[in-house]
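> With the sequence up front, the predicted model follows.
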Amino acid sequence: MLPTAVLRAAARGPKPNITGFNMRALKESTGQPRYDPWERNEAWRYTGTFSRFNRFKNAFPGLGIASVAFAGYCGYEYFFLEDDHHHGDAHGEAHH
């Protein structure tokens, strides 16, 4: 889009809603008070233990320690365990 078209669109303001529904007018006409009397009672849902970060962090308990343990085991297996099962001898036969 050309910069001049962007400036012209910004000067006109936001585009009108094609449905004709105006959310701002609805909020003004409903007469809802700016102060919500239940706000204090509902605040616990979004703070402390129930904050968004804590809910995400506690969604998979033990995932961190399990990932570290699995990576440690994979490293141990790669460096210290020998895999003689898939190696053949001079004649091309595998020992079982």
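Thanks, I have the structure now. Keep in mind the model is a prediction, meaning the values are calculated, not measured.
> shaky segments in the chain?
Where the chain drops to pLDDT under 70, the residues are 1-2, 9, 13-14, 32-33, 85-96.
> Using the three-state scheme, assign the residue nearest in space to the middle of it.
Centroid-nearest residue in the chain: Phe56, 8.2 Å away (criterion: C-alpha atoms, centre = their mean). Under DSSP: H, G, I helix; E, B strand; the rest coil, the three-state class of Phe56 is helix.
> how many neighbours does Pro3 have?
Pro3 has 7 neighbouring residues, counting by other C-beta atoms under 10 Å. The C-beta positions use only the backbone N, C-alpha and C, and glycine is treated the same way.
> whoops, Asn54 was the one
Other residues within reach of Asn54, judged by other C-beta under 10 Å, total 12.
> List the contacts of it.
Taking C-beta atoms under 8 Å, 6 or more residues apart in numbering, we find Asn54 in contact with Gly48.
> mind running it again at 10 Å?
Asn54 makes contact with 47-48, according to C-beta atoms under 10 Å, 6 or more residues apart in numbering.
> repeat for Gly64
When the contact criterion is C-beta under 10 Å, 6+ apart, the partners of Gly64 are Lys57.
> element containing it?
Element membership of Gly64, judged by DSSP states H and E, is helix 63-80.
> then that helix to PDB, C-alphas only?
What follows is helix 63-80, C-alpha atoms only, in PDB (Å, rounded to 0.1, in the frame of the first residue of the first chain):
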ATOM      1  CA  LEU A  63       7.700 -32.000  33.200                       C
ATOM      2  CA  GLY A  64      10.900 -30.100  33.900                       C
ATOM      3  CA  ILE A  65      12.600 -32.800  36.100                       C
ATOM      4  CA  ALA A  66      11.400 -35.500  33.700                       C
ATOM      5  CA  SER A  67      13.000 -33.700  30.700                       C
ATOM      6  CA  VAL A  68      16.300 -33.300  32.500                       C
ATOM      7  CA  ALA A  69      16.300 -37.000  33.700                       C
ATOM      8  CA  PHE A  70      15.500 -38.200  30.200                       C
ATOM      9  CA  ALA A  71      18.300 -36.100  28.600                       C
ATOM     10  CA  GLY A  72      20.700 -37.400  31.300                       C
ATOM     11  CA  TYR A  73      19.800 -41.000  30.500                       C
ATOM     12  CA  CYS A  74      20.100 -40.400  26.800                       C
ATOM     13  CA  GLY A  75      23.600 -39.000  27.300                       C
ATOM     14  CA  TYR A  76      24.600 -41.900  29.600                       C
ATOM     15  CA  GLU A  77      23.300 -44.400  27.100                       C
ATOM     16  CA  TYR A  78      25.200 -42.700  24.200                       C
ATOM     17  CA  PHE A  79      28.500 -42.300  26.000                       C
ATOM     18  CA  PHE A  80      28.700 -45.300  28.400                       C
END
